[in-house]
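J.: fold the following.
(one chain, ligands or ions: 2)
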Amino acid sequence: MGIPTETVYGLAANALDGNACARIFEAKGRPVDNPLIVHISELSQWDTLVREIPENARRLAETYWPGPLTIILPKAECIPDAVSPGLDTVSVRFPAHPVAKAVISAAGVPLAAPSANLSGRPSPTTAGHVWHDLKGRIEAVLDGGECGVGVESTVVSLACNPPRLLRPGGITLEQLEAVLGPVFVDPAVTHPLAEGAKAASPGMKYKHYAPRVPVKIVEGSGEAYIRFVNGRACEGAAALCYDGDASELRVPFVCYGQEDDPERQARELFDALRRLDELDAKIVYARCPPPEGVGLAVYNRLIRAAGFEVIHID
Ligand code: AMP
Ligand code: MG
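T.: Ligands and ions are numbered 1, 2, ... in the order given. Next comes the predicted model:
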């Protein structure tokens, strides 16, 4: 079943039942080696899912749970292979969304719940997105309105030393370091995985978040960007831009928040990526925030949607 969370909509099944988890992979068309995040609604459930909970993990959970943060630790015996294929770890999150919490509590078991999109598509931030992708493949989606954070959870591994940021999200690197001390940022957060390299987070090696129309990121000032895109109007160009750019653009565009508001950009990005396909453009030139604070999460998703293609102007 599709359920709302504060990050994105999840496709939930009993995390302790390997067959139920296998159905998630089937419905999403998810590569089978891409592990699932297990969702809990009480801290006591965490103890049963991992081998032990170190001091720093406890402090992190006390500070940011319930919330948009996933913590990876060595897994307990009860974790089915489908949840963490080939890994000796499991990722756990305690979501803050009241509907997510209520569903997990009612189920009486932890729920594995990856984003409720077709694999490779932008993650769903409304029940409509879920239904668009998975109608006919799943039985139902609970409509909890639009997701507040809008990008998937921050994923940090505490199964290594120093802790490693595998995916940026609503809880920032700075917030993690305030509790943990130095956190190593996995190179795959901002760069393509080197040929033949093993992904610390298997999900990072797959193409992600991509609309059907090709996207390229344009780096430069706002004025230079507008000149650049307007100059390509006759080539079928469109813009994925900040709210303030819109009035000067002479090409079709989708906005995703103000330039100085990365939280808003995060909330609107996936819906904006989906709407790009309605523009009937040949290519989309995108503005992208600097990789700082919540902007790092926006950057991480957008650079993947763009297949790491960046054009430097100015
Ligand atoms: P999604 O469920 O679609 O939000 O994706 C979950 C992300 O968390 C994927 O990129 C996975 O690779 C990553 N992940 C989940 N569990 C683990 C784990 N045990 N070790 C490393 N990465 C994980
Ligand atoms: Mg996903």
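
J.: just checking, Gly169 touches Val151?
T.: Yes. Gly169 sits in contact with Val151 when judged by C-beta atoms under 8 Å, with a separation of 5.6 Å. Every C-beta, even on glycine, is put in place using the N, C-alpha and C of the backbone.

J.: intersection of neighbour lists for the two?
T.: Among the neighbours of Gly169, those also in contact with Val151 (C-beta atoms under 8 Å, 6 or more residues apart in numbering) are Thr7, Ala297.

J.: can you give me the strands in the stretch 101-250 of the chain?
T.: Assigned by DSSP state E, counting those that start in this stretch, the strands in the stretch 101-250 of the chain fall at 111-112, 154-157, 164-167, 184-185, 215-219, 237-241.

J.: including mean pLDDT, could the ones you listed go into JSON lines?
T.: Formatted as JSON lines, these follow (pLDDT from 0 to 100):
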{"stretch": "strand 111-112", "mean pLDDT": "98"}
{"stretch": "strand 154-157", "mean pLDDT": "98"}
{"stretch": "strand 164-167", "mean pLDDT": "98"}
{"stretch": "strand 184-185", "mean pLDDT": "98"}
{"stretch": "strand 215-219", "mean pLDDT": "97"}
{"stretch": "strand 237-241", "mean pLDDT": "98"}
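
J.: measure stretch 114-130 end to end?
T.: 12 Å (C-alpha to C-alpha, to the nearest Å).

J.: what comes up buried for that stretch?
T.: Residues 114-119, 121-127, 129-130 are the ones in stretch 114-130 that count as buried (16 or more other C-beta atoms under 10 Å).

J.: find the nearest non-adjacent residue to the residue in the stretch 101-250 of the chain positioned nearest to ligand 1, please.
T.: In the stretch 101-250 of the chain, the residue that lies nearest ligand 1 is Gly203 (2.1 Å; C-beta to the nearest ligand atom). Spatial nearest neighbour of Gly203, excluding adjacent residues (C-beta to C-beta, 6 or more residues apart in numbering): Asn34 at 4.8 Å.

J.: now do the contacts for the one you found.
T.: Contacts for Asn34 (C-beta under 8 Å, 6+ apart) come out as Pro85, Pro114, Ser119, Pro202, Gly203, Tyr206.

J.: just to revisit the earlier point, OK, contacts around the residue of the stretch 101-250 of the chain closest to ligand 1?
T.: Asn34, Pro35, Arg167.

J.: overlap between the residues you listed and the residues near ligand 1?
T.: Applying C-beta under 6 Å from any ligand atom, the subset of the contacts of Gly203 adjacent to ligand 1 comprises Asn34, Pro35, Arg167.
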